[in-house]
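[1] sequence unknown, structure follows:
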């Protein structure tokens, strides 16, 4: 049958529309309708090549919808037809799609076998663009089989073919795969060189999939090289993108790498937490047949760069010949779109129910997390109260000892008066009793004042309260903190030097809040100096407290000569729940609470340290306006 010109145009239109749908990854019933239209056209025109091509398109559609069994059925039909027609390019494309399915099903040996058939044909046909895709998939298959040498050969071959076709998109993917291959072989220098080339030549912030494709293997390399901080920051950036754009497969790899990161840091609790998230998400993806990330690879496979064949629509003569066909197609498309919208509505309703259920579970988990946080904060407050109570007990012990001793002495003197027979001696005893009672009264007043001051300092925080004598507060709380620490560590002692600026004004912070801040800093300083005292014989702990008027605020400097803080830890000291102390010794909330209190009063708190020598905390607290 002779093919009319109108029929040839109609076939070209259908192929171009199908190509547009597949290139833009738009999976819909409308796309399938156009594929069926091509099959019908092939039957009417007695064109078996069009039927075979429609079978290829149908298989590609089912690959994207994760229906691999049905896709394989159409591919074998197409392969049989192409062999009958002796269509080498069609046969190679069929083998390529079959190899892709085996690769996605992790049947890598079968994938390599079918991709090899495709490669042999494309070599004879000199199809460099398609050949680069085949080599790329073969390289990925060898990577998963851990056959490193063959994987490297295939990926380099893909790059070589890609340079001939000047396909920049595939060029970027191939280099990422090659860099990841070197990372898996622990060839970090070679991997670093390739990553530098990638970062210097590729810069498309809008390509979130491509960004994750680079960041995940780059993080794997950084972990392997021991650059843990950089790896952690890179993984966090990748995780934000994966969460925002639902790149589930990347998120699975990110969670696994975060588990490895924390394991290398010795933070096994966090490592186990991320490992649990990794297994949970991976299992949910397998059960739900998630394939969003893989679709990005699928949409790029099987298509060569080609010119848009729809430009003929701009020509009036061709448009006039197609008006009847287009009108009929539009009517049918409207019917198909109506069906598609109904199915989309049903799908959306089902997904909304699933989303509501997931939100309920997330809210419940958030509630549990908040309860745990509140419990930890209460634990920190109780620990601070305990430390303060020990210091208070020490302060009260001295005046109470005076009261007890002089009361006992006075009692003995009264007995001597009763037994005395000489008046002059009685007068002397009465004078001694009077002095004793004066001392008892004075030390009782001292004990009362201590209790009054401490109660005043520890009552419920009031945002309107201020501190008018900052030097006095620092002196009292430093002594209380030291006595409390010595109660638990008797062998520890520390010289405290306070250099207070007498020109300080009233600061905008309550005594209770001030106690929370300085007790946390003092106790951390005592811990650091005690650790150094155990390591160095004859070491003398010294805590220097300096206050200074800086115009609009009071500045407090607290310096200890302990072990100091490493740069790696310094970046995290104000983070909630971050602690370097053993399990049960600290909650990681002391400095975090101090930071929030200072910030709420528009003040600042910073820290700097010379590891192995000293640590300094600098606080600025604004004056009352």
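    Structure's in. What do you need? All of these numbers come straight from a predicted model, not from anything done at the bench.
[2] what about residue 605, which SS state?
    strand (DSSP: H, G, I helix; E, B strand; the rest coil).
[3] burial count for the residue lying closest to it once chain neighbours are set aside?
    In space, residue 605 comes closest to residue 598 once its chain neighbours are excluded; the distance is 4.5 Å by C-beta to C-beta, 6 or more residues apart in numbering. Every residue, glycine included, has its C-beta placed from N, CA and C. Residue 598 is surrounded by 20 other residues when neighbours are defined as other C-beta atoms under 10 Å.
[4] and the gap between residue 598 and residue 442?
    39 Å (C-beta to C-beta, to the nearest Å).
[5] confidence score at the residue most central in space within the chain?
    Against the mean C-alpha coordinate of the chain, by C-alpha atoms, centre = their mean, the closest residue is residue 236 at 3.7 Å. Predicted confidence (pLDDT) for residue 236: 90.
[6] state the next helix or strand along the chain beyond the helix or strand hosting it.
    Taking DSSP states H and E as the criterion, residue 236 maps to helix 228-244. Using DSSP H and E, the helix or strand that directly follows helix 228-244 along the chain is helix 248-264.
[7] shaky segments in the stretch 401-550 of the chain?
    402, 405-406, 409, 418, 420-426, 429, 441, 445-446, 448-464 (pLDDT under 70).
[8] show me where it has helices.
    423-458, 470-488, 511-535 (DSSP state H, counting those that start in this stretch).
[9] and residue 76, which of those is closest to it?
    Closest to residue 76 of the helices of the stretch 401-550 of the chain, according to C-beta to C-beta: helix 511-535, at 70.4 Å.
[10] the strands in this protein, which residues?
    495-499, 542-549, 553-560, 604-610, 614-622 (DSSP state E).
[11] could I get those strands as JSON lines with mean neighbour count?
    Below are those laid out as JSON lines (neighbours: other C-beta atoms under 10 Å):
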{"stretch": "strand 495-499", "mean neighbour count": "13"}
{"stretch": "strand 542-549", "mean neighbour count": "18"}
{"stretch": "strand 553-560", "mean neighbour count": "22"}
{"stretch": "strand 604-610", "mean neighbour count": "16"}
{"stretch": "strand 614-622", "mean neighbour count": "21"}
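[12] so which of those comes closest to residue 129?
    Nearest to residue 129 among the strands of the chain is strand 604-610 (57.4 Å), distances taken as C-beta to C-beta.
[13] how far away from the center of its chain is that closest one?
    Mean-position distance between strand 604-610 and its chain equals 25 Å (C-alpha atoms, centre = their mean, to the nearest Å).
[14] for the record, mean pLDDT for it?
    Per-region confidence: strand 604-610 scores 93 on mean pLDDT.
[15] can you give the strand pairings for that strand, parallel or anti for each?
    Sheet neighbours of strand 604-610, with direction, are listed as strand 614-622 (antiparallel) (DSSP bridges).
[16] what's the strand it pairs with in contact with?
    470, 507-509, 517, 521, 525, 528, 550, 552-562, 564-565, 598, 601-609 (C-beta atoms under 8 Å, 6 or more residues apart in numbering).
[17] check stretch 39-46 too.
    Contacts of stretch 39-46 from elsewhere in the structure, counted by C-beta under 8 Å, 6+ apart, are 1, 3, 7, 10-11, 14, 47-51, 53-55, 58.
[18] repeat that for stretch 158-177.
    Taking C-beta under 8 Å, 6+ apart as the criterion, the residues outside stretch 158-177 that touch it are 128-129, 131-133, 135-136, 139-140, 143, 155, 178, 194, 197-198, 201-202, 210, 213-214, 217, 300, 305.
[19] which of these count as buried?
    Burial by neighbour count, judged by 16 or more other C-beta atoms under 10 Å, picks out 128-129, 131-133, 135-136, 139-140, 143, 155, 178, 194, 198, 202, 210, 213-214, 217, 300 from those.
[20] what's the neighbour count on the residue lying closest to residue 260 once chain neighbours are set aside?
    The shortest distance from residue 260 to any residue other than its chain neighbours is 5.7 Å, reached at residue 223 (C-beta to C-beta, 6+ apart). If you count neighbours by other C-beta under 10 Å, residue 223 ends up with 22.
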